[in-house]
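Visitor: what shape does this take:
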Amino acid sequence: MAKSMMDRDMLKVLYSEEQIKARIQEMGDELYEQFKDRNPLFLGVLKGSFIFMADIVRACQIKSDIEFIAVSSYQNGTSSSGVVQITHDLQQDITDREIIVIEDILDSGNTLYFLKNYFMTKGAKSVTVVTLLDKPSRRVKPVKADMAGFEVPDEFVVGYGLDYAQQYRNMPYIGVLKPEVYSK
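Guide: This next block holds a predicted model:
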């Protein structure tokens, strides 16, 4: 298989495609045990969660439906602005639904703190947060993942849905972006 030109922009690989696949299956098995007799709504936070969302819903094999919401707090930067804006809202009523929020990374916590409160005010019965990556060193809001795939260091990570300026989402692994790429 040909190497990607994007590989040159990586400082290192944190988690390989194989490691990610194995961890997602473990998480899917856990979600199956927790929700097998219920009908939760998987709610993906766009754009970053789309690859993880597809894989986690297939891995858990429970009767459920899906929804997406799009928010913005980075505006093509490398850190959250702290202001969360909904750019694509829910398309269905979530009253009395058990929500499983699927996120690519829990970083500052601004987005998930906002979304958990937003979903509860919309009438959700419960909100379970599932994130592929957890970066607790950057947390500024009091929010925790109910389930996290991997803990990552305080480095700028991309791949497997995570981006820098809308690039690198399609890489099959999680890598650390070289600082010279985003400090231009």
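Visitor: residues contacting whichever helix or strand residue 18 is part of, please?
Guide: Secondary structure from DSSP states H and E places residue 18 in helix 17-35. By C-beta atoms under 8 Å, 6 or more residues apart in numbering, the surrounding residues in contact with helix 17-35 are 15, 52, 55-56, 58-62, 64, 98, 100, 128, 130, 132, 147, 149-150, 160, 172-174. (Each C-beta comes from the backbone N, C-alpha and C, glycine too.)
Visitor: got the angle for whichever helix or strand comes after it vs helix 17-35?
Guide: Tracing the chain past helix 17-35, the next element assigned as helix or strand by DSSP H and E is strand 41-46. In terms of direction (axes from the mean of the first three to the mean of the last three C-alpha atoms, to 10 degrees), strand 41-46 departs from helix 17-35 by 150 degrees.
Visitor: quick check, residue 154 in a strand?
Guide: No - under the criterion used here (DSSP: H, G, I helix; E, B strand; the rest coil), residue 154 is coil, not part of a strand.
Visitor: that older thread, for the helix holding residue 18, buried residues please.
Guide: Buried residues in helix 17-35, counted by 16 or more other C-beta atoms under 10 Å: 20, 23-24, 27-28, 31, 34-35.
Visitor: cool, and stretch 168-177?
Guide: 168-169, 171, 173-177.
Visitor: alpha carbons only: can I get that stretch in PDB?
Guide: What follows is stretch 168-177, C-alpha atoms only, in PDB (Å, rounded to 0.1, in the frame of the first residue of the first chain):
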ATOM      1  CA  TYR A 168      -5.900  14.700   8.200                       C
ATOM      2  CA  ARG A 169      -9.300  13.200   9.200                       C
ATOM      3  CA  ASN A 170      -8.900  10.300   6.800                       C
ATOM      4  CA  MET A 171      -5.700   8.900   8.200                       C
ATOM      5  CA  PRO A 172      -6.200   5.400   9.600                       C
ATOM      6  CA  TYR A 173      -4.200   6.000  12.800                       C
ATOM      7  CA  ILE A 174      -3.900   8.700  15.500                       C
ATOM      8  CA  GLY A 175      -0.700  10.700  15.100                       C
ATOM      9  CA  VAL A 176       0.900  13.700  16.600                       C
ATOM     10  CA  LEU A 177       1.200  16.600  14.100                       C
END
